[in-house]
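Undergrad: I would like to see how this sequence folds:
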Amino acid sequence: MTPEPTATDPYDDARTAALLVATLDAERFGHPGYLRWFYRENPRGQVIGENEDQDGMRVAHYAVIPTAYRTPAGPTPFIFSTNVATSPTVRRGGFFRAMAERVYERARATGAPGMVGVGNDESTIVVVERFGWKALGPLPVRICPPLPSGRRTRLESRPVDRALLADRWFEAIATDLDWVPVRDWAQSWTPDFLRWRLSRPDGGYVLHVTRDAVAVSVLAHARLRIRAAVLLKVFPRPGAALPVSSAPFVTAACRYHRAAMCVYAGFNAHVRVRGVRPPRRLQPSPLNLVFKCLDESRAPSASFRLDTFEFLDMDAY
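TA: Just a heads-up that it's a prediction; the model follows:
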């Protein structure tokens with residue numbers, strides 16, 4: 001039975017979580033602090049969400065979160081499109097279209113010129129053909145074995161916790177994350193935004209730091225419960241020769257998590273990632289990137305491209 005809203009849950013997180021757990025295959029929605037963190041602790045603003053309820057039950061939910069992207073002209077408000085869920089009992093009832101239209105208008109009112117999201121093949125077809133999104137292509141995946149970097153690299157690995165995120169060491173390594181140039185669009189990262197992203201209550205993140213870059217990894221389990229390190233993001237540090245090699249971070253992540261392999265998904269204009277691309281049919285949840293234009297004068301659909309998009313730019317881990 002779905003809990004009723006209470007004084008300690010004024011945002012109906014319990015109803016939303018119940019729907020997300022029931023309809024989406026993701027453990028994070030079952031964590032009691034996940035939606036509070038993701039929807040309301042983001043330093044770039046609270047969630048823009050729409051819901052439909054029936055008989056005390058949440059039957060449809062659509063949420064996007066504010067962020068900032070940057071181009072050669074500088075940073076601008078932007079939107080990441082995230083959780084969409086509709087109960088099987090009300091599908092084809094027009095709920096998603098009604099919620100989407102309200103969300104698009106509220107997102108446009110923030111000053112954001114566009115929205116980026118990810119989706120599986122089925123949802124990509126729906127949003128492109130019925131809601132005017134642009135398909136940006138598959139999110140590429142690589143399986144990377146731990147390999148020597150070719151030279152001895154001084155590297156420090158530290159697990160993320162509250163104390164580390166409040167430490168001067170973190171502030172120092174998170175400075176000037178946006179120093180690398182961009183040709184098209186990329187998410188803008190500041191110390192506050194990275195601190196929030198790494199404070200996800202079920203995160204389990206590890207930072208790997210060298211003179212040239214800061215990387216973030218996490219432990220996951222592949223099929224048959226095989227341990228796999230996941231390289232979520234690589235930030236080149238100021239002064240590094242570009243592109244930076246991911247090899248030291250792949251090796252460090254595998255060593256730290258005692259994993260035989262490392263998974264990387266996405267692309268980074270300033271990081272060289274070498275690995276094997278598994279066939280899409282063998283990937284457990286192949287994803288596509290999609291874009292919704294909210295202002296053709298500032299982010300034209302025809303020319304919109306991403307410079308960089310990695311797992312840390314979304315909320316899968």
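
Undergrad: and for Gly266, the neighbour number?
TA: Neighbourhood size, Gly266 [other C-beta atoms under 10 Å]: 24. Backbone N, C-alpha and C define where each C-beta goes, glycine included.

Undergrad: adjacent strands (with direction) for the helix or strand containing it?
TA: Secondary structure from DSSP states H and E places Gly266 in strand 262-267. Strand 262-267 has its sheet partners listed here by DSSP bridges as strand 141-144 (antiparallel), strand 227-236 (parallel), strand 309-310 (antiparallel).

Undergrad: who does the next helix or strand after that strand pair up with?
TA: The first helix or strand that comes after strand 262-267 along the chain, using DSSP H and E, is strand 271-272. In the sheet containing strand 271-272, the strands it pairs with under DSSP bridges are strand 244-245 (parallel).

Undergrad: which SSE is immediately downstream of the partner strand?
TA: Once the chain leaves strand 244-245, the next helix or strand it forms, by DSSP H and E, is helix 247-257.

Undergrad: what residues of that following helix count as buried?
TA: Going by neighbour count (16 or more other C-beta atoms under 10 Å), the buried part of helix 247-257 is 247-254, 256-257.

Undergrad: so where's the longest helix in the protein?
TA: If you go by DSSP state H, the chain has its longest helix at helix 95-109.

Undergrad: so the helix or strand just after that helix versus strand 262-267, what angle?
TA: Per DSSP H and E, the first helix or strand lying C-terminal to helix 95-109 is strand 114-119. Orientation check (axes from the mean of the first three to the mean of the last three C-alpha atoms, to 10 degrees): strand 114-119 against strand 262-267 gives 140 degrees.

Undergrad: can you give the contact residues for the longest helix of the chain?
TA: The contact list for helix 95-109, computed with C-beta atoms under 8 Å, 6 or more residues apart in numbering, reads 48-52, 59-64, 79, 84, 86, 115, 130-131, 292, 294-295.

Undergrad: just the buried members of the residues you listed?
TA: Among the contacts of helix 95-109, those classed as buried by 16+ other C-beta under 10 Å are 48-52, 59-64, 79, 84, 86, 115, 292, 294.

Undergrad: just those: which are in strands?
TA: With strands taken from DSSP state E, the overlap with the buried ones among the contacts of helix 95-109 comprises 48-52, 59-64, 79, 84, 86, 115, 292.

Undergrad: what's the pLDDT at Glu122?
TA: Listed pLDDT for Glu122 reads 92.

Undergrad: what's next to the helix or strand containing Glu129, contact-wise?
TA: Glu129 belongs to helix 121-131 when assigned by DSSP H and E. Helix 121-131 has contacts (C-beta under 8 Å, 6+ apart) with 84, 97, 100, 117, 119, 133-135, 286, 288, 290, 292.

Undergrad: out of these, which is most surrounded?
TA: Using other C-beta under 10 Å as the neighbour test, those are led by Lys292, with 25 neighbours.

Undergrad: about what we covered before: how far is the longest helix of the chain from where the chain is centred?
TA: The chain centroid and the centroid of helix 95-109 are separated by 21 Å under C-alpha atoms, centre = their mean, to the nearest Å.

Undergrad: what angle separates it from helix 121-131?
TA: In terms of direction (the same axes, to 10 degrees), helix 95-109 departs from helix 121-131 by 70 degrees.

Undergrad: okay, helix 95-109 in PDB with CA atoms only?
TA: Provided in PDB are the C-alpha atoms of helix 95-109 (Å, rounded to 0.1, in the frame of the first residue of the first chain):
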ATOM      1  CA  PHE A  95      -1.100  11.200 -19.100                       C
ATOM      2  CA  PHE A  96       2.500  11.500 -20.400                       C
ATOM      3  CA  ARG A  97       1.500  14.000 -23.100                       C
ATOM      4  CA  ALA A  98      -0.300  16.200 -20.600                       C
ATOM      5  CA  MET A  99       2.600  16.100 -18.100                       C
ATOM      6  CA  ALA A 100       5.200  16.600 -20.800                       C
ATOM      7  CA  GLU A 101       3.500  19.700 -22.200                       C
ATOM      8  CA  ARG A 102       3.400  21.200 -18.700                       C
ATOM      9  CA  VAL A 103       7.000  20.300 -17.900                       C
ATOM     10  CA  TYR A 104       8.200  21.700 -21.200                       C
ATOM     11  CA  GLU A 105       6.600  25.100 -20.400                       C
ATOM     12  CA  ARG A 106       8.000  25.200 -16.900                       C
ATOM     13  CA  ALA A 107      11.500  24.200 -18.200                       C
ATOM     14  CA  ARG A 108      11.400  26.900 -20.800                       C
ATOM     15  CA  ALA A 109      10.500  29.500 -18.100                       C
END
